[in-house]
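Turn this into a model:
(one chain, ligands or ions: 1)
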Amino acid sequence: MFDLVIRNGTVFDGSGGPRCVADVAVQDGKIAAVGPGLGAGRREIDAAGLVVAPGFVDIHTHYDGQATWDPFVTPSSWHGVTTTVFGNCGVGFAPVRPGASGYLINLMEGVEDIPGTVLSEGVKFDWESFPQYLDALDSMRRAVDVAAQLPHGALRFYVMGERGAEHAEVPDEREIEKMARLTEQALRAGAMGFTTSRTTKHKARDGRFTPSLSARESELLGIARGMKRAGRGVLQVNSDFGPGEFEALEAAAAEAGRPLSCLLVQVDAQPKLWRETLDQIHGVRRAGRAANAQVGSRPIGVMMGLETTAHPFAAHPAWLEMRRLSPAERYTRLAADGELRRRLLETPAGDGPSAFMAQSFHKMFPVGDRPDYEPDAENSIAAIAQRSGRTPQAVALEEMMALGGKGLLMLPFENYAYGSLDVVHEMITDPATVLGVADGGAHVGVICDASSPTSLLTLWGRDRTRGPKLPLEFLIAKQTRGTAEAYGLLDRGLLAPGHKADINVIDFDALSLKRPEVVYDLPAGGRRLIQRATGYRHTFNAGVETVHNDELTGERPGRLVRGAQVSLS
Ligand SMILES: [Zn+2]
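Below you'll find the model as predicted:
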């Protein structure tokens, strides 16, 4: 008798092949059989009319800290995700010298917008080396599997000390060899890869650029030699891809003999640059080396409300006067004081952030009960203002004050230069791309794109009206086998005998995202945006049910994944 049989579901096995109605049987945490009329199970689930798919694998998250205090790894675990990979973009928390965690917190706070107070309170830092960090992760069970990568920022600071925090400082030969040795050590202990950042978007809280910004070829190649000696791991990068940047990173990946994975988004300032980078990635692949672009399935959605980090009035003197008030007090005052609201609506002269916001109302959108991730310009704050004969500021303030001050606006920040997701369609259908910009655990006061696996299915598989949709077979494969393969996690992402029984049972007709909300549930009462979904009837990790009817069950079968895994079928 099987442990579990999921009966008569519409099975999407993760390979991209056609769907079929079948049973899925689970035994000892693994898929035992997929096919019609399988034998009995101790537990049986009637999945007639439901989608049965592998658990989602999210390779671009920043749960480096959260995974040490939160066994449930939300929001990702609410969205069918059963494996998360973190340590991306060159930031993370190991290696770290005793007493030197302050800089890493400062860097993570600045780069990924995770409050320093949350990190100081939440992360114990009872490790020094990367292998010790892995052991700390390994000592806890979670709702999802986790996997970590070695971040360049932490490595550089560990080896070079304070000098390492300055991106223009150049390590000497001895330091480069030490970085190589520690990289080899981390990968052998189970790091999934080495990650680095070369983007001016990334600054530490203290205003300094991210430490790996301009690391020279000698440093990159030295680290690459460490990767080569280990013979494992992915080289993941977040870069602005200025002149010569791709070439330098590609040279390092070639030296390492390891796959190159580049974060790729469309930026407003250079809306065609992503295509050049993608062409370069194709060039690498044609030369027989492994490379991919990590792309998103929707815009980077900056959420703006009275309780988020950014909103149209956040830099306004009248707003700043209220900075010591609690969110509830601020809202009460705003609601009661017409003169205060009138002052807020006047754009102060010459102020950078406010002026930027004042120019952005045409691409700011109210967020409804069912958020629209491809909003039409006709529904922008500017358009609503024009139609109703008010100022955009007045409309924005009214929207944010709705729902007792919980109303939100969305500013599609990247992937939306042309006001539609046509470029995203091009990105996700390109064979050289994998999904990976969801950023779970990061930018917690600004975005909540960790829900992307859900909108991938609802938007592209069902709801899109402004352009072509995509087959569910393709979409599910992209978030399962596609992402798993990018990191060599060949034991999952496929519903086939011998594979890990990470399974989603989804009521696709009911699947939808709720409105994002601001909550204060991080350590030290820290604030974050979360977003729930409906339609996840069951999520299983290694055959154990972690989500039932959209709620976590409290089960914690998830483990630390150390390095690439072999295919089990
Ligand atoms: Zn990132």
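
which residues of the stretch 301-450 of the chain score low on pLDDT?
Segments of the stretch 301-450 of the chain classed as low confidence (criterion: pLDDT under 70) are 348-351.

Please list the residues of it that sit near the ion.
Neighbours of the ion within the stretch 301-450 of the chain, by Cβ under 5 Å from the ion: none found. Placement of C-beta: from N, CA and C, glycine included.

And the strands in the stretch 301-450 of the chain?
For the stretch 301-450 of the chain, applying DSSP state E, counting those that start in this stretch gives strands covering 365-366, 409-414, 433-435.

list the helices and strands the longest one packs on?
It refers to strand 409-414. Contact here means 3 or more Cβ pairs under 8 Å, 6 or more residues apart in numbering; DSSP states H and E; on that basis strand 409-414 packs against strand 300-304, strand 365-366, helix 392-405.

circling back: take the strands of the stretch 301-450 of the chain and write them to a markdown table, including mean neighbour count.
Formatted as a markdown table, the strands of the stretch 301-450 of the chain follow (neighbours: other Cβ atoms under 10 Å):
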| stretch | mean neighbour count |
| --- | --- |
| strand 365-366 | 23 |
| strand 409-414 | 22 |
| strand 433-435 | 23 |
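
Can I get those strands in TSV including distance to residue 118?
Shown next, in TSV, are those (distance: least, Cβ to Cβ, whole Å):
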stretch	distance to residue 118
strand 365-366	29
strand 409-414	23
strand 433-435	27
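
Residue 562: which of the ones you listed is closest?
Ranking those by their distance to residue 562 (criterion: Cβ to Cβ) puts strand 433-435 first, at 20.9 Å.

Quick one: list the elements packing against the closest one.
When contacts are defined as 3+ Cβ pairs under 8 Å, 6+ apart, strand 433-435 sits against strand 291-295, helix 452-458, helix 472-479, helix 481-486.

Apply 7 Å and report the result again.
Identification of packing neighbours for strand 433-435 by 3 or more Cβ pairs under 7 Å, 6 or more residues apart in numbering; DSSP states H and E yields strand 291-295, helix 481-486.

now it, how far from the centre of its chain.
Distance of strand 433-435 from the chain centroid (Cα atoms, centre = their mean, to the nearest Å) equals 12 Å.

Ok, stretch 37-46 next?
35 Å.

And the contacts of that stretch?
Contacting residues not belonging to stretch 37-46 are listed as 1, 2, 3, 4, 5, 6, 7, 8, 23, 25, 505, 538 [Cβ atoms under 7 Å, 6 or more residues apart in numbering].

And it, what's buried?
Across stretch 37-46, burial judged by 16 or more other Cβ atoms under 10 Å covers 38, 41, 45.

how long is that stretch end to end?
Distance between the boundary residues of stretch 37-46 (Cα to Cα, to the nearest Å) amounts to 13 Å.

Find the centremost residue of this protein, please.
Among the residues of the chain, residue 439 comes closest to the average C-alpha position under Cα atoms, centre = their mean, at 1.9 Å.

Could you tell me which residues make contact with that residue?
Listed by Cβ under 7 Å, 6+ apart, the contact set of residue 439 reads 60, 61, 62, 447, 449, 450.
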